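*Asks:* got a sequence here, can you model it:
(one chain, ligands or ions: 3)
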Amino acid sequence: MSNVIFSTQISKELNRILDSTKYSKLAVIVDENTLKHCLPLLDTKDYKLIEINAGEKYKTLDTCTFIWQKLTEYSFDRHGLVINLGGGVIGDMGGFCASTYKRGIRFINIPTTLLAQVDASVGGKLGVDFNGFKNHIGLFAEPEAVLIDAIFLRTLPENELKSGYAEVIKHHLIRDFNGWNTLSQSEFNSLDWLEIIKHSVKIKNQIVSEDPRESGLRKILNFGHTVGHAIESHFLNTDEPLLHGEAIALGMICESHISFQRNMISKDVLNEITHHISNHYKLRVIKEEAFEILWNLMGQDKKNNTSNVLAVLLNSIGEATFDCTISKKETFEALNFLNHV
Ligand SMILES: NC(=O)c1ccc[n+]([C@@H]2O[C@H](COP(=O)([O-])OP(=O)(O)OC[C@H]3O[C@@H](n4cnc5c(N)ncnc54)[C@H](O)[C@@H]3O)[C@@H](O)[C@H]2O)c1
Ligand SMILES: O=C(O)C(=O)C[C@@H](O)[C@H](O)[C@H](O)COP(=O)(O)O
Ligand SMILES: [Zn+2]
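*Replies:* Numbering: from 1, shown residues only. Ligands and ions are numbered 1, 2, ... in the order given. Modelled structure (predicted):
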């Protein structure tokens, strides 16, 4: 379970932690946006800056090589400390690089996007994309601490805020029926982000503490991701890539459709979920020729067993079930449903 600290004085809080931690050298990993918008909110001294390119398409082993090269150039030893200042890409990749450098040095996450604050910075899943497959190379390792301050959201573009909101929707759909009723009736622009972040972190931490290495229950945090990751990967290198949360939102519609087809949820529930998602996200038409490509991408999902594509389905709002084998036929029907929402 991650050690999450909520603060409204991020700089002070970080300095307090650094003052009480022994380390030989300090590195801060940023991308061009967090360099501009987030680093100025900290007054940390004596650190080496490692700047990478922003965005999912740089979540690769090549960027890891660059980070490992920098740590080596700066002569980091095993007592070095890394701060990941950024969204989920920096958190996943910076944590992976730290955890593998000289067999592992410590890292602190300072998530600066809604998505990273509600989901990615918590739970210890680290890694990078590989050969077009999401998070294909990685490991589990916990940060020393996760420092969350909603002040970072002030500079976050609206589409990135909405991307993070998809994981909030997910947390409610898998675990919180009452919360969903409130959330789905609220105006997006009047949501209290700090409360939302705290609630999502609580849900995620509860699940992760029961099953840190995803041998069972933790798989429910992957609702929407079997189809969603395939959609995200497929569009990543096109002119119209989707953000992670945007793809997961579409994946949640598809996986809800499969749940409906199996009489696990009613038509009304499917409509309610689809309506809420389509109100917040621009839906994408996926050409039928691409269905087969998506199915092949799903063939590499980390939840699968040797012969089946496995997904998380809903029994009702607030209750999810994992290890459900999904067929190609019902997946294509779900994609077809998505195309006609
Ligand atoms: N490890 C996990 O449990 C977990 C959970 C969910 C998602 N993820 C991963 O997280 C990644 C997505 O994370 P993300 O949505 O944060 O993407 P991201 O890290 O690419 O950040 C989104 C964009 O926002 C910019 N940005 C960051 N903070 C900003 C700020 N405060 N102001 C202005 N701009 C800012 C970034 O530079 C980037 O361009 C995906 O790779 C996904 O697979 C991991
Ligand atoms: O923490 C988890 O467990 C999750 O599944 C959270 C997801 O939102 C996240 O996108 C995660 O990185 C997906 O994991 P993966 O194992 O399918 O790559
Ligand atoms: Zn996700």
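
*Asks:* what about the spatially most central residue of the chain, distance to residue 135?
*Replies:* Geometric centre of the chain, nearest residue: residue 120, 4.2 Å, by C-alpha atoms, centre = their mean. Distance, residue 120 to residue 135, by C-beta to C-beta, to the nearest Å: 10 Å. The C-beta positions use only the backbone N, C-alpha and C, and glycine is treated the same way.

*Asks:* repeat that for residue 128.
*Replies:* Applying C-beta to C-beta to residue 128 and residue 135 gives a distance of 7 Å.

*Asks:* spit out the residues that contact these two alike.
*Replies:* residue 92 (C-beta atoms under 8 Å, 6 or more residues apart in numbering).

*Asks:* please identify which of these two sits among more neighbours.
*Replies:* Between residue 128 and residue 135, counting by other C-beta atoms under 10 Å, residue 128 is the more crowded of the two (21 against 18).

*Asks:* hang on, that one in a strand?
*Replies:* Yes. The assignment for residue 128 by DSSP: H, G, I helix; E, B strand; the rest coil puts it in a strand.

*Asks:* contact partners for the residue located most distally from the centre of the chain?
*Replies:* Distance from the C-alpha centroid of the chain, by C-alpha atoms, centre = their mean, peaks at residue 75 (31.1 Å). By C-beta under 8 Å, 6+ apart, the contact list for residue 75 reads residue 25.

*Asks:* that one in helix, strand or coil?
*Replies:* coil.

*Asks:* which positions in the stretch 101-250 of the chain make contact with ligand 1?
*Replies:* Residues of the stretch 101-250 of the chain found near ligand 1 (C-beta under 6 Å from any ligand atom) are 112-113, 115-116, 119-120, 123, 125, 134-135, 152, 155-156, 160, 163, 167, 243-244.

*Asks:* any idea how far the residue in the stretch 151-300 of the chain positioned nearest to ligand 2 lies from residue 205?
*Replies:* Ligand 2 sits closest to residue 221 of the stretch 151-300 of the chain, with a gap of 3.7 Å, by C-beta to the nearest ligand atom. According to C-beta to C-beta, residue 221 and residue 205 sit 11 Å apart.

*Asks:* over to residue 53?
*Replies:* Distance of residue 53 to residue 205, computed by C-beta to C-beta: 31 Å.
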